[in-house]
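Peer 1: Mind looking at a prediction? Sequence and model below.
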Amino acid sequence: MKLTGSEILVECLKREGVDTVFGYPGGVVLGLYDYLYRQTHLRHVLCRHEQGAMHMAEGYARATGKVGTVLVTSGPGATNTVTGLTDALMDSVPLVVFTGQVPTQLLGNDAFQEADIIGITISCTKYNFLVKRVEDLARTIKEAYHLAASGRPGPVLIDLPKDVTFAQTEFSYPDSVYLRSYNPTIEGNKGQIKKAAKAVRQAKRPVLYTGGGVVASGASAELTRLAGLIRCPVTSTLMGLGGFSGSDPRFLGMLGMHGTYKANMAMYESDLVIAVGARFDDRVTGKVDDFVPNAKIIHIDIDPTSIRKNIRVDIPIVGDVAHVLRTLIEVLEANDEPIYVDAERAAWEARIAELDAEHPLGYTHSDEVIKPQSVVEKLYALTQGRAIVSTDVGQHQMWTAQYYHFESGRDWLTSGGLGTMGYGFPAALGAQAAHPDRLVITVSGDGSFQMNIQELATAVVNDLPVKVVILNNRYLGMVRQWQQLFYEERYSHSYLATTPDFVKVAEAYGALGLRATKPSEVEGVLLAAFRHKGPVVVDILTDPMENVYPMVPAGAANHQMVFCDPDQTPGAGLKQKDGQGAKTPPLPLTGGGARP
Amino acid sequence: MIHILSLKVENRAGALSRIAGLFSARGFNIDSLSVAPTADPSVSAMTIVTHGDDAIIEQITKQLNKLIDVIKVVDAQGRNYVHRETALIKIHTRPEDRAEALRVVDIFRANVVDSSPNSYTVEITGDSEKVDAIINLLRPLGIKDLVRTGKVAVTRELNKNP
Ligand SMILES: Cc1ncc(C[n+]2csc(CCOP(=O)(O)OP(=O)(O)O)c2C)c(N)n1
Ligand SMILES: [Mg+2]
């Protein structure tokens, strides 16, 4: 039977197991949308900005492990996907994005709403396709989902000229894909794995340094087993949080610029680093030469380009993390000799306890002003680490990473590689669409939330009861922190003032708005938010001068962490100095006016 | 260190811009690039001459391999390769220079493929050193125009006696 391009598209999505599409209509996809209207299989979530649809699909993908699907129109619809594509490429999120395109006979003519989206997105997709013949559509879709999900996952874009969606052809969906030029290595090289096992047996002070690859590969169980088997502490990148239980005593916390002292120092003092699905990002390594000066490095990653890109590696192993870890465990267990010397490990654990005691993660508590860290701690206590939590980008993101302890990597949605303000709320909506029965929380900033605030409409209309907790410091806090520390307190364009009134905004959209201005109110508003059935915005007015610590200053090495503001006791916040106050805008703590 | 990379690439629209884009985005150097279809029309052969230290060449090779359109990348460095380049050199020829021009063409076994009352166009094929050498000898006569293809390369068969 002959089907139109639109019918083929829906048919293919069905076969790929897609149940939800995030999108926004427009001229060249009207035909497609007309067919969507007439079918019942696919659920379409109408965003309010295409960037929102992208991050929703990312959140959906990260929370489920499935491929996220987006449908937008040509021109401006297509160009609005670019930030999301780049974000997904950096963080290895599997997406397939369909963009409408002007009819094939108009291609290249600067037609109305034509954008060369293939050219524009070459460098921010894993691959992209322009489908010029309806006969190629089904195979292209099959290839796109395969490319997005396999190997190192990433976003794939399909550009669909209008006439292709109307043209008809005989439909057949290929069962499998063969691409002669694409063959990701899954099993690690056995010889290399044996070398790694030998290095593990020789190590006295090993550390497992784990990243987003653990989550993408679904290798948490293997990682946990390995850590136990070799009695090894585990640290994680921002993207890897939850890949190893955040409440496990072996967990050192995050490493890097805002990592824990014990994680960075354990790396610094280790004699063996086992890097698992992590890519030695500059936010992690600090000054590369002093990152792990005494360690042998084993690097396991599915992407060969990640290996030896910015650091020397002694034992590279290309392969899927779960497969490689399984084999490594087998090889280690095949030999009856003990893997480690008890006394050596006891000494190593004692050293780490010592480091922890030297500089534990912490801040100065207050009864007068709400400390942002205390809000995250409260969130963790109230949810017992069982919520899906997304963040935007800035100080609030780092505090969430530090103080919320994740049990699953799929419960943690954040923009790591690109650091996209505006990611958090739509990502949470995508996760909520996939998991209607779970508690989904966005920890956002007063700056970031405004970057996709329009998606409140999506939340209300589609019944996506996400709880947005704004750590409202009236500042682009992370920018302000750097200005304070490195630009002599010249707060250039980082003050946001007290507008908008987020409670009123929430109400205008039909959501519930709540506010806390004093520490004593925090628990109450959070509980009220959790109890409410619909979406909620909780505006929490936090200490505007609080900074994220510890911190590796830019250009410094990870063992040179700073723990508090200059001339301050740890975490006390900055006192305003006389005469300098003039440069600093006023800092009202009541925001847009708290309501009783 | 100069490296010659020999690639087999899917013959698709966009493959070339993906490869060129990779080099510019990551700050790798391209000294020359040539591309044309192979005996199999679905495959293009590409020769890229680039330079960088070992770590950079390793990254370039890995990044190229990662591109979906790239079927195979071989670094000719340390292998036995034949490489050739063609140049078309248009020179001024005053009557008194013609004999000298033809003498140079002869020495290099090059060809004059076009001529006019005051110019010759010389075609030369050889390794890049040979092309450089003839250009140097012709330069004093006055070069009006010069186009080079960039290197193309293919492995040598080691076992030549069946
Ligand atoms: C789209 C985008 N623009 C700019 C930045 C640079 N940036 C990083 S953090 C930050 C401040 C974020 O402010 P807010 O959301 O209020 O979070 P806070 O740091 O105050 O917790 C800015 C501007 C960014 N990461 N993303
Ligand atoms: Mg802020």
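Peer 2: Thanks, I have it. Ligands and ions are numbered 1, 2, ... in the order given.

Peer 1: In chain B, which residue sits nearest ligand 1?
Peer 2: Residue of chain B nearest ligand 1, by C-beta to the nearest ligand atom: residue B:25 (20.2 Å). Heads up, the C-betas are built off the backbone N, CA and C, glycines and all.

Peer 1: Next, work out how far apart the residue lying closest to that residue once chain neighbours are set aside and residue A:237 are.
Peer 2: In space, residue B:25 comes closest to residue A:123 once its chain neighbours are excluded; the distance is 5.5 Å by C-beta to C-beta, 6 or more residues apart in numbering or on different chains. Residue A:123 is 23 Å from residue A:237, where distance means C-beta to C-beta, to the nearest Å.

Peer 1: More neighbours: which of these two?
Peer 2: Neighbour count, other C-beta atoms under 10 Å in any protein chain shown: between residue A:123 and residue A:237, residue A:237 has more, with 27 against 16.

Peer 1: which residue sits closest to that one in space, ignoring its chain neighbours?
Peer 2: Counting by C-beta to C-beta, 6+ apart, the residue nearest residue A:237 is residue A:211, at 4.4 Å.

Peer 1: Number of residues surrounding that neighbour?
Peer 2: That count, for residue A:211 with other C-beta under 10 Å as the rule, works out to 28.

Peer 1: Just to check, it is in contact with residue A:283?
Peer 2: No. Using C-beta atoms under 8 Å as the test, residue A:211 is too far from residue A:283 to be in contact (11.7 Å).

Peer 1: just checking, what packs against the top helix by length along chain B?
Peer 2: Identified as the longest helix of chain B according to DSSP state H is helix B:54-66. When contacts are defined as 3 or more C-beta pairs under 8 Å, 6 or more residues apart in numbering or on different chains; DSSP states H and E, helix B:54-66 sits against strand B:2-10, helix B:15-25, strand B:70-75.

Peer 1: circling back: secondary structure class for the residue nearest to residue B:25?
Peer 2: With DSSP: H, G, I helix; E, B strand; the rest coil as the basis, residue A:123 sits in helix.

Peer 1: ok, so what distance separates it from residue A:72?
Peer 2: 19 Å.

Peer 1: what's the answer for residue A:184, then?
Peer 2: 28 Å.

Peer 1: Which one of the two is surrounded by more residues?
Peer 2: residue A:72 (26 against 15).

Peer 1: Grab the nearest non-local neighbour of the more buried one.
Peer 2: residue A:50 is the one closest to residue A:72 (C-beta to C-beta, 6+ apart), at 4.8 Å.

Peer 1: Need phi/psi at the one you found.
Peer 2: The phi and psi values for residue A:50, taken as degrees, to the nearest 10, are phi -60, psi -30.

Peer 1: so it sits right up against residue A:80, yeah?
Peer 2: Yes. Look at residue A:50 against residue A:80 with C-beta under 8 Å: they come within range, at 3.5 Å.

Peer 1: who touches both of the two?
Peer 2: Both residue A:50 and residue A:80 are contacted by residue A:72, under the criterion C-beta atoms under 8 Å, 6 or more residues apart in numbering or on different chains.

Peer 1: Looking at these two, which is more packed in?
Peer 2: residue A:50 (26 against 20).

Peer 1: Return the residues in contact with that one.
Peer 2: A:24, A:70, A:72, A:77, A:78, A:80, A:81, A:84.

Peer 1: let's see it at 6 Å
Peer 2: A:24, A:72, A:77, A:80, A:81 (C-beta atoms under 6 Å, 6 or more residues apart in numbering or on different chains).

Peer 1: next one: residue A:361
Peer 2: By C-beta under 6 Å, 6+ apart, the neighbours of residue A:361 are A:260, A:402.

Peer 1: Excluding sequence neighbours, find me the nearest residue to residue B:33.
Peer 2: Closest to residue B:33 by C-beta to C-beta, 6+ apart is residue B:48, at 5.1 Å.

Peer 1: State the helix or strand in which that neighbour lies.
Peer 2: strand B:43-51 (DSSP states H and E).

Peer 1: which residues touch that strand?
Peer 2: So strand B:43-51 is contacted by B:2-9, B:11, B:29-35, B:37-38, B:151-153 (C-beta under 6 Å, 6+ apart).

Peer 1: Return the members of those classed as buried.
Peer 2: Buried members of those, scored by 16 or more other C-beta atoms under 10 Å in any protein chain shown, are B:3-9, B:11, B:30, B:32-35, B:151-153.

Peer 1: Kindly indicate which of these lies nearest residue A:343.
Peer 2: residue B:3 (50.1 Å; C-beta to C-beta).

Peer 1: Surely that closest one and residue B:77 touch.
Peer 2: Yes. Contact status for residue B:3 versus residue B:77: in contact at 4.9 Å, counting by C-beta atoms under 6 Å.

Peer 1: joint contacts of the two?
Peer 2: With C-beta under 6 Å, 6+ apart, residue B:3 and residue B:77 have no common neighbours.

Peer 1: low-scoring stretches of chain A, by residue?
Peer 2: Along chain A, the parts satisfying pLDDT under 70 run over A:567-596.

Peer 1: Outline the domain layout of it.
Peer 2: According to automatic domain parsing, chain A comprises the domains A:2-170, A:190-358, A:372-541.

Peer 1: can you put those domains in CSV and add distance to ligand 1?
Peer 2: Shown next, in CSV, are these (distance: least, C-beta to the nearest ligand atom, whole Å):
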stretch, distance to ligand 1
domain A:2-170, 7
domain A:190-358, 12
domain A:372-541, 2
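
Peer 1: I'd like those domains laid out as JSON lines, including distance to residue A:561.
Peer 2: Formatted as JSON lines, the domains of chain A follow (distance: least, C-beta to C-beta, whole Å):
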{"stretch": "domain A:2-170", "distance to residue A:561": "25"}
{"stretch": "domain A:190-358", "distance to residue A:561": "6"}
{"stretch": "domain A:372-541", "distance to residue A:561": "13"}
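
Peer 1: Show me the one of these that comes nearest residue B:73.
Peer 2: domain A:190-358 (11.7 Å).

Peer 1: what comes into contact with the helix or strand bottoming out on mean pLDDT in chain B?
Peer 2: Taking mean pLDDT, DSSP states H and E as the measure, chain B has strand B:152-155 as its least confident helix or strand, at a mean of 89. Strand B:152-155 has contacts (C-beta under 6 Å, 6+ apart) with B:4, B:6, B:34, B:47, B:76, B:81, B:82, B:83, B:84.

Peer 1: on that earlier part again, what's the farthest-apart pair in the buried ones among the contacts of strand B:43-51?
Peer 2: For those, and using C-beta to C-beta, no pair is farther apart than B:3 and B:11, which are 23.7 Å apart.

Peer 1: nearest residue to residue 15 other than its sequence neighbours?
Peer 2: Went with chain A since none was named. Ranked by C-beta to C-beta, 6+ apart and with sequence neighbours excluded, the top spatial neighbour of residue A:15 is residue A:173, at 5.3 Å.

Peer 1: hm, I was asking about chain B
Peer 2: residue B:69 is the one closest to residue B:15 (C-beta to C-beta, 6+ apart), at 4.1 Å.
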